[in-house]
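coords please:
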Amino acid sequence: MNRILPLVSKVIADIEAPREALVSIANAIPYPSVTLAYAHAAISRRLLDTLPRTAHPAERSLWLQALGVMLSQLGRPAEALPVTEEAVAINRELATGDPDRYRPSLATSVGNLGLRLLELGRPADALCVTEEAVAIRRELAAAEPNRYRHSLAASLTNLSSALSELGRPADALTVTEEAVSIRRELAAADPDRYRSDLAASMNNLGLQLSNLGRAKDALPITEEASAIYRELAVADPDRYRPDLAASLTNLGVRLSELGRPAGALPVDQEAVAIHKELAAASPDRYRRDLAASLTNLGRRLSELGRPADALTVTEEAVSIRRQLAAAYPDRYRPDLADSLNNLGVRLLELGRGADALRITEEAVSIRRQRLPEQPRHRVVGTGLCRRRAVGH
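Sure thing, here's the model as predicted:
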């Protein structure tokens, strides 16, 4: 099956069919899907490019958002950003004229924009637009809770990620706890639909607790999230194995924080094994995650007194991050500096002081280089800062 699905993806992406048939195919492709992501993106782009001039702007926004999400799934957030910004611009104009009808779509597109900015390492900009998405969805959920509480929880989860990236763990924890509370209620009523979302928020909660030095509280929450994802991944591996791998990576860190490296080791090894498979199928999307799980595995091996093994996996992480930083320096040089620092420690453990010094000096050099700040655009008087959406 793993060999057949990529071929199916290529066939779907290249299929010649009437527009109505392509819409049906796009709607039938599961999301997320590692193996069908390329096909989904290709069809979304074709539907956007062939949109009739007479089409309503809302339809263009719909396919812009779909394409942005698919490009992100393929690990191409820089390409997804302008597409998502255009969708925001369309929906903002539509919502100005008919807020009752189009504010939900505006909240969705603004939320997607926040995710793209987070993926590009711009948490300050992401915070602004994510706060706007939360504000809109909070109003919608107050009026129609059964319809919009799920969306509010999603926006709260994104907001907590931005706050965490900005070094505000206490604020992130408060937001995450609200998201978990909502999703726990939803999952109790409809587990098939909402358990995966609950697991995502619980992973986030474990991270926020860990950031606040509460590893003991974080561990059972992260274990529960991993257990949910393991069950889901058995039933639908193409959709949930990436989530399982991410959750296992978090679980390994939590165990290590509690002084249990022997327990963390098999967890980290499983995360690496899954990420290697994912990176082979979709390198742009999953090589960064593979490097992170390799980094964790190197630390665990070092903690267990296996410096030679730790060196091997740490060198592999450095190699991946060096390639990523060469292609996307603004996004990946901080990760490269972290891996180089780890590599320096591994070399010191093996008595290779001269090599460790050279590597550590490179890490320091990267961290000293100040990257140009991304431009930010603010609308005064709204209580929220917004990026000025750029159309094509």
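
Please count neighbours and contacts with C-alpha atoms only from this point.
Fine.

Any idea how far stretch 105-119 is from the middle of the chain?
Stretch 105-119 sits 12 Å away from the centroid of its parent chain (Cα atoms, centre = their mean, to the nearest Å).

now what about the helix or strand harbouring Asp100, what contacts it?
When elements are assigned from DSSP states H and E, Asp100 belongs to helix 99-119. Defining contact as Cα atoms under 8 Å, 6 or more residues apart in numbering, one finds that helix 99-119 is touched by 65, 69, 72, 77-78, 80-81, 84-85, 87-88, 91-92, 94-95, 123, 125-130, 132-134, 136-137, 140, 155, 158, 162.

Now it: average pLDDT?
pLDDT averaged over helix 99-119 equals 96, rounded to a whole number.

Quick check: what element follows that helix along the chain?
Sequence order places helix 123-143 as the next helix or strand after helix 99-119, per DSSP H and E.

Outline the domain layout of this structure.
Domain segmentation of the chain under automatic domain parsing yields 1-75, 256-370.

Please report how far the closest residue to Leu350 other than its chain neighbours lies from Glu257.
If the residues on either side of it in the chain are set aside, Leu350 comes closest to Pro307, at 6.6 Å by Cα to Cα, 6 or more residues apart in numbering. For Pro307, the distance to Glu257 (Cα to Cα, to the nearest Å) stands at 19 Å.

Would you mark the buried spots in stretch 252-263?
Counting neighbours by 16 or more other Cα atoms under 10 Å, one finds that the buried residues in stretch 252-263 are 252-257, 260-261.

Any stretches of the stretch 1-150 of the chain with poor pLDDT?
Applying pLDDT under 70 to the stretch 1-150 of the chain flags the ranges 1-14.

now with 80?
Judged by pLDDT under 80, the stretch 1-150 of the chain has its weakly predicted residues at 1-17.

Give the buried residues for the helix holding Asp100.
Residues 102-119 are the ones in helix 99-119 that count as buried (16+ other Cα under 10 Å).

likewise stretch 67-86?
Of the residues in stretch 67-86, 67-78, 80-86 count as buried by neighbour count, 16+ other Cα under 10 Å.

ok so, going back, pretty sure the residue nearest to Leu350 contacts Leu348?
No. Contact status for Pro307 versus Leu348: not in contact, 9.5 Å apart, counting by Cα atoms under 8 Å.

If you count surrounding residues, which of these two has more?
Between Pro307 and Leu348, Pro307 has the larger neighbour count (other Cα atoms under 10 Å), namely 20 against 16.

and that one, what does it touch?
Contacts were defined as Cα under 8 Å, 6+ apart; by that measure Pro307 touches 301, 346, 349-350.

I'd like those laid out as CSV, including neighbour count and distance to Thr314.
Compiled in CSV, the contacts of Pro307 are given as follows (neighbours: other Cα atoms under 10 Å; distance: Cα to Cα, whole Å):
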residue, neighbour count, distance to Thr314
Leu301, 21, 10
Arg346, 25, 8
Glu349, 18, 13
Leu350, 13, 13
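
now, the most widely separated pair of the residues you listed?
Longest distance between any two of the contacts of Pro307 is 13.0 Å, between Leu301 and Leu350; criterion Cα to Cα.

Next, work out how far apart Arg287 and Ser72 are.
From Arg287 across to Ser72, the span is 14 Å (Cα to Cα).

typo on my end, it should be Arg368
Distance, Arg368 to Ser72, using Cα to Cα: 30 Å.

mind listing the helices for the stretch 201-350 of the chain?
If DSSP state H, counting those that start in this stretch is used as the criterion, the helices of the stretch 201-350 of the chain fall at 215-235, 237-257, 261-281, 283-303, 307-327, 329-349.

helices and strands around the first one, which ones?
Using 3 or more Cα pairs under 8 Å, 6 or more residues apart in numbering; DSSP states H and E as the contact criterion, the secondary-structure elements in contact with helix 215-235 are helix 191-211, helix 237-257.

how about those, which one is nearest Asp49?
Judged by Cα to Cα, the one of these that comes nearest to Asp49 is helix 237-257, at 27.6 Å.

what angle separates that closest one from helix 191-211?
With axes from the mean of the first three to the mean of the last three Cα atoms, to 10 degrees defining the directions, helix 237-257 sits at 30 degrees from helix 191-211.

Give me the residues contacting helix 237-257.
The contact list for helix 237-257 (Cα under 8 Å, 6+ apart) reads 31-35, 203, 207, 210, 215, 218-219, 222-223, 225-226, 229-230, 232-233, 261, 263-265, 267-268, 270-272, 274-275, 278, 289, 293, 296, 300.

show me what contacts the residue lying closest to Lys276 once chain neighbours are set aside?
Nearest non-adjacent residue to Lys276, counting by Cα to Cα, 6+ apart: Leu290, 6.3 Å away. Going by Cα under 8 Å, 6+ apart, Leu290 touches 272, 275-276, 279, 317.

now, which of the residues you listed sits nearest Leu166?
Nearest member of these to Leu166, counting by Cα to Cα, is Ala317, at 24.8 Å.

And for the residue lying closest to the closest one once chain neighbours are set aside, the neighbour number?
Nearest non-adjacent residue to Ala317, counting by Cα to Cα, 6+ apart: Ala291, 4.5 Å away. Here the neighbour count serves as a burial measure; for Ala291 (other Cα under 10 Å) it reads 27.
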